[in-house]
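Colleague: my questions concern the predicted model and sequence given below.
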Amino acid sequence: MTSQPSNSRRTFLKSALSASAAASGLAACQTVGPYGRTPRSGASATYMGDFAAPAIDRIRMGFIGVGGRGTGHVAQMLLMEGVDVVAICDDYAPAAEAAAKRCEDAERRRPAVYSDHELSFEDMIADMDLDAVIIATPWEWHAPMGVAAMRGGAHAFIEVPITTTVEEMWDLVNASEETGRHCMMMENVNYGRDELLFLNMVRLGIVGELTHGEASYIHDLRWQMKELERGEGSWRLAYHVATDGNLYPTHGLGPVAQYMNCERGDDRFERLVSFSSPAFGRQLAAARDFPAEHQRNQQTYRCGDMNTSIIKTELGRTILVQHDTTSPRPYTRLNMVSGTTGTLAGFPTRIALDPEGKGAHGWKQGADLAEYYAKYEHPLYTRVGEEAVKAGGHGGMDFIMLWRMVYCLRNGLPLDQNVYEGCAWSAVSPLSEWSVANGGMPAAFPDFTRGRWSSTKPLDIVS
């Protein structure tokens, strides 16, 4: 276990930053947003912030959605001790059958297969006594499938984003609290080697008090426009037609939020402002790659090529969050966090420390980072990193995430990501859309914990 800032130090920091925000007039800023409603769970609801479910010796695992992403999860779960893949659901029968065959090829019992119709997942949940369900489907299905899994008695593990509307986020929160079942958004990037390294360094106080972070999902995905019948492009492009905002915030934002202990005792997202650039790239790509009469040229792409949002936290910290899957720009998640004695940044990985206040005028990177990995490597990566790299999945982060999910379930431990975090990180999407549509007006984050975030323990440095 690493050291944490003392309670008195935290109290001082919160008081100082809150006073600063009030003095500048920021604390009084009028914020609204696309809330619809703020439902309340019943008196018997369980707070899920630090929730630990009873330990499960052997996990009966079901899968909903076994396209490219879900198939990878099936393959890696077959490597996990204490997991039985007992059910597969996908309304595309060839995909479901291929996943079932993968289990047989691994000399495991053939799982039950559900692929008759669009709602076959309901049959699977009703028929099978499942401990956990992994959901890797188009975004609009995440909330109804997650709610169904929890109401059916299983823990729900949902691919990113957890869902796309604030109303459905409340549905997931309420279902989790009312059933006492975990609902974790599977943000794999939080388990990347550098993200774990940075988390450990932040927890050790190496960069001092955190003031600012930067997160992004910048990934040229124009090639997905050619996926017409199957694949992400066959459904994901519809969001570029219907929405103007940050469509995919959590890969960059999740690690930064955990560095800052947002929604976990220290801080929380308070409000957001958002602006989008013009939407040129998708229209030009459609005109270049398809005939004029093609369906891709009959659509108007609304989502700005670049969306830039800024989050202000309860403590007054700032977080830049960007989304661009259209421009010809190399991949980056930024992954930057800055504090009073240092800055950690990604793409490429760089570190600048200034513990004595003499100035940090250059980055340590490349071979110079070896000393930091040797000294501050996260113990979770030390334990399973080598195995994770061999197993693959985004450089091993997928394996570490799944390994950790299984470990927590089998040992009756709280998960590393709770339902409130998944909803707060994903809420950037609907809030950014509202802010863009309203000329950059601030949109306030719903408090999905209903005020209980301040009593939630920060994420431990686990071994």
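Modeller: Now that the structure is in, tell me what you want to look at.
Colleague: what sits against residue 363?
Modeller: Residue 363 is in contact with 345, 350-352, counting by C-beta atoms under 8 Å, 6 or more residues apart in numbering. All C-beta atoms are positioned from the backbone trio N, CA, C, and that covers glycine.
Colleague: out of those, who has the most neighbours?
Modeller: residue 351 (22 neighbours; other C-beta atoms under 10 Å).
Colleague: wouldn't it be in contact with residue 371 here?
Modeller: No - if you go by C-beta atoms under 8 Å, residue 351 and residue 371 don't touch, sitting 9.7 Å apart.
Colleague: common neighbours of the two, please.
Modeller: In contact with both residue 351 and residue 371: no residue, using C-beta under 8 Å, 6+ apart.
Colleague: on that earlier part again, could I get the contacts of residue 363 as a markdown table with secondary structure?
Modeller: Converted to a markdown table, these look like this (DSSP: H, G, I helix; E, B strand; the rest coil):
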| residue | secondary structure |
| --- | --- |
| 345 | strand |
| 350 | strand |
| 351 | strand |
| 352 | strand |
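Colleague: return the closest of those residues with respect to residue 426.
Modeller: Distance ranking of these against residue 426, using C-beta to C-beta, places residue 345 first at 24.3 Å.
Colleague: pretty sure that closest one is touching residue 332, no?
Modeller: No - checked against C-beta under 8 Å, the pair residue 345 and residue 332 is beyond contact range at 10.3 Å.
Colleague: quick one: the helices in the stretch 51-200 of the chain?
Modeller: 68-77, 93-105, 120-127, 142-151, 166-179, 193-203 (DSSP state H, counting those that start in this stretch).
Colleague: so which of those helices comes closest to residue 378?
Modeller: Proximity of the helices of the stretch 51-200 of the chain to residue 378 was assessed by C-beta to C-beta; the nearest stretch is helix 193-203, lying at 3.5 Å.
Colleague: ok, residue 210 to residue 125 distance?
Modeller: 41 Å (C-beta to C-beta, to the nearest Å).
Colleague: ok, those two, which is more surrounded?
Modeller: More neighbours surround residue 125 than the other of residue 210 and residue 125, with 24 against 21 (other C-beta under 10 Å).
Colleague: check the gap between residue 462 and residue 51 for me.
Modeller: For residue 462 relative to residue 51 (C-beta to C-beta), the value is 16 Å.
Colleague: I meant residue 420, not that one.
Modeller: Residue 420 sits 11 Å away from residue 51, going by C-beta to C-beta.
Colleague: so between those two, which is more surrounded?
Modeller: Legend: neighbour count by other C-beta under 10 Å for residue 420 and residue 51, higher for residue 420 (28 against 16).
Colleague: residues contacting the closest residue in space to residue 276 that isn't next to it in sequence?
Modeller: Spatial nearest neighbour of residue 276, excluding adjacent residues (C-beta to C-beta, 6 or more residues apart in numbering): residue 304 at 2.8 Å. Residues near residue 304 by C-beta under 8 Å, 6+ apart: 244, 276-279, 436.
Colleague: show me the contacts for the residue lying closest to residue 79 once chain neighbours are set aside.
Modeller: Spatial nearest neighbour of residue 79, excluding adjacent residues (C-beta to C-beta, 6+ apart): residue 391 at 6.1 Å. Residues near residue 391 by C-beta under 8 Å, 6+ apart: 76, 79, 398-399.
Colleague: sorry, back to before: for the contacts of residue 304, name the two members farthest from one another.
Modeller: Once C-beta to C-beta is applied, the contacts of residue 304 give 278 and 436 as the farthest pair, at 12.1 Å.
Colleague: which of the contacts of residue 304 are buried?
Modeller: The neighbour-count criterion (16 or more other C-beta atoms under 10 Å) marks 244, 276, 279, 436 among the contacts of residue 304 as buried.
Colleague: adding secondary structure and pLDDT, write these out as JSON lines.
Modeller: Output for the buried ones among the contacts of residue 304, formatted as JSON lines (DSSP: H, G, I helix; E, B strand; the rest coil; pLDDT from 0 to 100):
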{"residue": "244", "secondary structure": "coil", "pLDDT": "98"}
{"residue": "276", "secondary structure": "strand", "pLDDT": "98"}
{"residue": "279", "secondary structure": "coil", "pLDDT": "98"}
{"residue": "436", "secondary structure": "helix", "pLDDT": "98"}
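Colleague: okay if I get those as a markdown table plus distance to residue 156?
Modeller: What follows is the buried ones among the contacts of residue 304, written out as a markdown table (distance: C-beta to C-beta, whole Å):
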| residue | distance to residue 156 |
| --- | --- |
| 244 | 29 |
| 276 | 32 |
| 279 | 34 |
| 436 | 30 |
